[in-house]
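would you be able to build a 3D model of this:
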Amino acid sequence: MDKRILDLQNRKVLKIERRGKAILIYLSGNKILGFHQRMTGKLLIVPRDFRDKHIRLRFRLSSGKDLIFHDVRKFGVRWYGSSEKVLKDKYLSKLGKDPLKINFKKFQELLQERHGMIKPLLLRQDVFAGIGNIVADESLWKARIHPRRKIASLKLSEVGNLFKALHYVLKKSIRLGGTTMRDWLRPDRSEGQYYKARLVYQRAGEKCQRCSAIIKRIKVASRGTFICETCQPEAGKPK
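Sure, this is the predicted structure:
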């Protein structure tokens, strides 16, 4: 039997924390069990007799149920070890700031230190941990900022609008339990509801909810991106 599995036995869950897109489970004995779910991974609480060919890890809980890591495409990442060792991991140690845990002044400083287009910056996990493609598109639409806008071209008022938009979208997504687009599920196997409430992401061909113009899909730094060209003019001036 794997020594790491033996080491996990009889440990108590003390707290669960999100770091960017990673989930860290703090255990007794100064240990951390961590996961990055990537594209198809999910953590589920299931009956002990639940079986599925895509279960990669299984942990017995004192409740009589099991915690499983289910990952169809096997892209997920797992960590286990002492808190010091896990938190020094190459990925975790380089994570940037959580947008929900910094003030506007710090957000402004992080933007001023960088160059290039705004959307690619928002997606950099070493700058802003936890912002993905959906949150970036939704926030930029809400702030009326084109994703190709140069960071240096943003006015102070626009930076403020983006800061507020990120908080709004992230908090709304958390409140609605995340985003289920295909097969992702919450630990209780219920679906996240944000996809149904999205404002612009994957709504190409539909009317903008703000101005009724047609939503377009473009590429920004090789990422599929959804915008309203009327609300988010590339030059930065409303049409």
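
have a look at this structure and report its longest helix.
Criterion DSSP state H: the longest helix present in the chain is helix 156-175.

give me the contacts around that one.
99-100, 104, 107-108, 111, 118, 122, 130-131, 134-135, 138-140, 142-145, 154, 179, 192, 194, 197, 236 (C-beta atoms under 8 Å, 6 or more residues apart in numbering). Backbone N, C-alpha and C define where each C-beta goes, glycine included.

which is the succeeding secondary structure element to it?
With elements assigned by DSSP states H and E, the helix or strand that comes after helix 156-175 is helix 194-197.

can you list the buried residues in that following helix?
By 16 or more other C-beta atoms under 10 Å, the buried positions in helix 194-197 come out as Tyr194, Tyr195.

quick one: residues contacting Arg18.
So Arg18 contacts Leu24, Gly130 (C-beta under 8 Å, 6+ apart).

how close does it get to Leu170?
Counting by C-beta to C-beta, to the nearest Å, the gap from Arg18 to Leu170 is 11 Å.

please apply the same query to Asp98.
9 Å.

neighbour count for those two, which is higher?
Leu170 (18 against 15; other C-beta atoms under 10 Å).

what number of residues lie near the closest residue to Gly177 other than its chain neighbours?
Leaving out its chain neighbours, the residue that sits closest to Gly177 by C-beta to C-beta, 6 or more residues apart in numbering is Gly192, at 4.2 Å. The number of residues packed near Gly192 is 17, by other C-beta under 10 Å.

my read: Gly192 touches Leu176, true?
Yes - assessed by C-beta atoms under 8 Å, Gly192 is found in contact with Leu176 at 6.4 Å.

work out for me the element Leu110 sits within.
Leu110 belongs to helix 104-112 when elements are defined using DSSP H and E.

ok, and what's touching that helix?
With C-beta under 8 Å, 6+ apart, helix 104-112 has contacts from 96-97, 99, 102, 121, 127-128, 151, 154, 156, 159-160, 163.

between which two of these is the distance greatest?
Gly96 and Leu156 (21.7 Å; C-beta to C-beta).

tell me which residue is most central in this protein.
Gly130 (4.1 Å; C-alpha atoms, centre = their mean).

okay, it: pLDDT?
pLDDT recorded at Gly130 is 91.

re the thing from before, now the helix holding Leu110: how far from the chain's centre is it?
Relative to the mean C-alpha coordinate of its chain, helix 104-112 is positioned 20 Å out (C-alpha atoms, centre = their mean, to the nearest Å).

now do the buried residues in that helix.
Using 16+ other C-beta under 10 Å as the test for burial, helix 104-112 gives Phe107, Gln108, Leu110, Leu111.

picking up where we left off before, what's the angle between the longest helix of the chain and helix 104-112?
110 degrees (axes from the mean of the first three to the mean of the last three C-alpha atoms, to 10 degrees).

helix 156-175: which residues count as buried?
In helix 156-175, counting by 16+ other C-beta under 10 Å, buried: Glu158, Val159, Asn161, Leu162, Phe163, Ala165, Leu166, Val169, Leu170, Lys172, Ser173.

on that earlier part again, columns pLDDT on top of the buried residues of helix 104-112, output as JSON lines?
Output for the buried residues of helix 104-112, formatted as JSON lines (pLDDT from 0 to 100):
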{"residue": "Phe107", "pLDDT": "97"}
{"residue": "Gln108", "pLDDT": "96"}
{"residue": "Leu110", "pLDDT": "96"}
{"residue": "Leu111", "pLDDT": "96"}
